[in-house]
Each structure stands twice: as C-alpha cells, then as structure tokens.
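> based on what follows, work out the 3D shape:
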Amino acid sequence: MSSLTLTQAINAGLRKSMEEDPKVVLMGEDIGTLGGVFRVTDGLMKDFGSHRVIDTPLAESAIIGTAVGLAYRGFRPVCEIQFDGFIYPGFDQIVSQVAKLHMRTHGQVRMPLTIRVPFGGGIGSPEHHSESPEAYFVHTSGLRVISASNPQDAYTMLRQAIACDDPVLFFEPKRRYHTKGEVDLDADLSRAPAMGASRIVSAGTDVTLVTYGPLVSTALDAAKAAADDGISLEVIDLRSLSPIDYGPLEESVRRTGRLVITHEASETLGLGAEISAAVTERCFNYLEAAPVRVTGFDIPYPPSKLEKHHLPDLDRMLDGVDRVLGRPNSLSGLEG
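As a prediction, this is how the structure comes out:
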C-alpha cells in the first residue's frame, strides 16, 4: 500500500494503464511539458514520449474529434479537459458523435475513450473554472459518467474506465486533489468493486445521505456531527452517475425511511431530482418524509468570495437532515 494524494493516484493510474497497453495515449492542453495545470500528468511525457502524451491546441472540439479518430483505429485515448467549464466547446462532439457511434454502427464500432474532467468549486476560481456540468452528460444516453471521491477509487476507477470499450467521462473533484489516502497499486481490477457500483461509506439507521465526488468527505463530517446529536446518518457514495446503482440506495431507504441528496450542481434538473424521483417510485411505501435536496443554487457560478455560500456545507447538509426528520430547520424556523 502507498499513501498518495488523489492527484498522485490519478497519475499512477494513467501510468499503469500506459505500461499495460501501448494503445493508451493521453491528449490535452499543457499535459505534457507542464504536466497539466494541476500536475496530474507530471512526468508522463518524459517517460512515455511526446507521441503518447500529446500537448494539444486550446481547442476542446479538436481534442475530442481527434480522439474519436484514434479510437476508430484501435487506440484508447484519454483526453483531459483542463477545467470543467471548458468542456462546452467539445459538447457537440461528445453528445452528437461519441455517445452515438456504437449504436449508429450496430455495434461494429467501439468507442474506448476516456474524458477526464476536473470539476466543482472550492478552490477560489471564477466561473468556467468551478462548474459542475455532470447532469448534461448523465442525460445523454451512450455515455458512462463516474466520479471518484478518494485516492483508491481514483486509481482503480480510472484504470477501469480506460479498459472499458464504452466512452467514459471521469469527473475529478479538484478541491480534493490534495486529499491523501492509502492506495493499493497492485489492485486486481477483476476483483475491485465494479466501476458502476455505489457504496455505503458510513452505516446508519435514521437518514440516508447520498452524494458523490467532492461532497463525500463533507457528508462523512456531517455524519460525525449528527452522531453527536444522537442522529445516525448512512452515507452513500454513488461513484457512478450513469448508470446509477440503485441497489444500496433502495436497501438503505427501506431501513431509514428518509433520504437526503446533496451535490454542488444546481438544483433544477440535477442528479438530486432524478434520484429523488427514482427512489420515490421504488420505495414510496417505505418513505416517512419527502426526499430533500441540498445543492448549489440555480445561478451562474458566483465570484470566489461568495462560493462558500453557494456550495453545500456541513451546516446545510444537517439542515436537510432536520427537514426530513421534522425537526426545526431553515424553512420551518428555529422554533419548528
């Protein structure tokens, strides 16, 4: 086992995949000589050469379009989108081409393309650098969408994504890049948890709290704080946003009877809305209260000085817990 940051775990995952398969190539803006703006790809050009770690022009549509051609020829390209808000110039390529090629060709064409996307806020950057665009791609059939919350998952899930014959968007919580954890660099992918599996990361009995990516750590802090007040939260890390593994969610909600979903993205038509609807349909007779969403607000991403008010934090999560438990909360007033 090695103690690595999430950044180092992703770098190790890329390195391992490139060592195992010469068809794995990396593409992106400043990923080679510089090693990426977050230094995720540091040292890989030196070790694998500029023909496998390719510095591209500042043109996301060209990056994705070129990757499609490489995938057609049997390569396994891994594209880095430098910041979440820069993905939109490549949106047409991803939604109109990448997501549809397998179906369009009646299965004759596979699209083993991985798109890495640093996403979310919490680093003091402005709009276009702190967004959460995952719902756009979850809505698009033909794409797998995943997000790792810890170094071990980052290492394992990235390797699984690169090995997958389907196109995968890999959303990396950039404010957790420096989070450290133990990583098994010799992990057998065949025995690792499936890329599409959700997971209970903290057991509880009173409320099910569901999240992914950057807010898993915050949700675990909320569970500890709630325990001090005699409330037992069960925290579930989705890991896969499309498809969603509802098994652990359903089993949990049938025990707790209460559900809170939290994410940084806006509330309207976000993943929280879909999860709330799906769990209500599947577990209606078990629910003791309406599901609650704790999310970013329906506004363009605010200036960095205001982002602490925009992003869900421990207090807002606990307020959502109070709402599903019928305790005094921000909507009912302090006196209930």
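> okay, CA-based contacts and neighbour counts for the rest of this
Fine.
> show me where the stretch 151-300 of the chain has its strands.
168-173, 180-183, 199-202, 207-211, 233-237, 240-242, 259-266, 292-296 (DSSP state E, counting those that start in this stretch).
> next one: the first one to chain centre, how far?
Between the mean C-alpha location of strand 168-173 and the chain-wide mean there is a distance of 5 Å, by C-alpha atoms, centre = their mean, to the nearest Å.
> what residues does it touch?
112-120, 134, 143-149, 158, 161, 213-214 (C-alpha atoms under 8 Å, 6 or more residues apart in numbering).
> re earlier: make a markdown table out of the strands of the stretch 151-300 of the chain and add mean neighbour count.
Below are those laid out as a markdown table (neighbours: other C-alpha atoms under 10 Å):
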| stretch | mean neighbour count |
| --- | --- |
| strand 168-173 | 26 |
| strand 180-183 | 18 |
| strand 199-202 | 16 |
| strand 207-211 | 27 |
| strand 233-237 | 26 |
| strand 240-242 | 24 |
| strand 259-266 | 26 |
| strand 292-296 | 23 |
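> tabulate those strands (a markdown table), appending mean pLDDT.
As requested, the strands of the stretch 151-300 of the chain are arranged in a markdown table below (pLDDT from 0 to 100):
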| stretch | mean pLDDT |
| --- | --- |
| strand 168-173 | 98 |
| strand 180-183 | 96 |
| strand 199-202 | 98 |
| strand 207-211 | 98 |
| strand 233-237 | 98 |
| strand 240-242 | 98 |
| strand 259-266 | 98 |
| strand 292-296 | 98 |
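> report the contact partners of F83.
Counting by C-alpha under 8 Å, 6+ apart, F83 makes contact with 117-119, 128-130.
> which of those fall within helices?
Counting by DSSP state H, no part of the contacts of F83 is found in helices.
> which pair of the residues you listed spans the longest distance?
With C-alpha to C-alpha as the measure, no two of these lie farther apart than V117 and H128, at 12.3 Å.
> would you list the strands of the stretch 151-300 of the chain in a markdown table and tack on distance to F83?
Output for these, formatted as a markdown table (distance: least, C-alpha to C-alpha, whole Å):
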| stretch | distance to F83 |
| --- | --- |
| strand 168-173 | 10 |
| strand 180-183 | 22 |
| strand 199-202 | 27 |
| strand 207-211 | 21 |
| strand 233-237 | 23 |
| strand 240-242 | 19 |
| strand 259-266 | 15 |
| strand 292-296 | 18 |
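> how close does S266 get to P133?
9 Å (C-alpha to C-alpha, to the nearest Å).
> beta-bridge partners for the residue lying closest to F297 once chain neighbours are set aside, please?
Among residues not flanking F297 along the chain, S266 sits closest, at 5.1 Å (C-alpha to C-alpha, 6 or more residues apart in numbering). Here S266 sits in beta bridges with G296, going by DSSP bridges.
> contacts only, for S266.
295-299.
> can you redo those as JSON lines with distance to D313?
Compiled in JSON lines, the contacts of S266 are given as follows (distance: C-alpha to C-alpha, whole Å):
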{"residue": "T295", "distance to D313": "9"}
{"residue": "G296", "distance to D313": "10"}
{"residue": "F297", "distance to D313": "13"}
{"residue": "D298", "distance to D313": "16"}
{"residue": "I299", "distance to D313": "17"}
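> quick one: the helices in the stretch 151-300 of the chain, in order.
Taking DSSP state H, counting those that start in this stretch to define them, one finds helices in the stretch 151-300 of the chain at 151-163, 215-227, 247-256, 271-283.
> from the contacts of strand 168-173, which land in strands?
114-119, 144-147 (DSSP state E).
> possible to save the contacts of F83 as a markdown table with neighbour count and pLDDT?
A markdown table is the format used below for the contacts of F83 (neighbours: other C-alpha atoms under 10 Å; pLDDT from 0 to 100):
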| residue | neighbour count | pLDDT |
| --- | --- | --- |
| V117 | 25 | 98 |
| P118 | 24 | 97 |
| F119 | 28 | 97 |
| H128 | 16 | 88 |
| H129 | 19 | 93 |
| S130 | 26 | 94 |
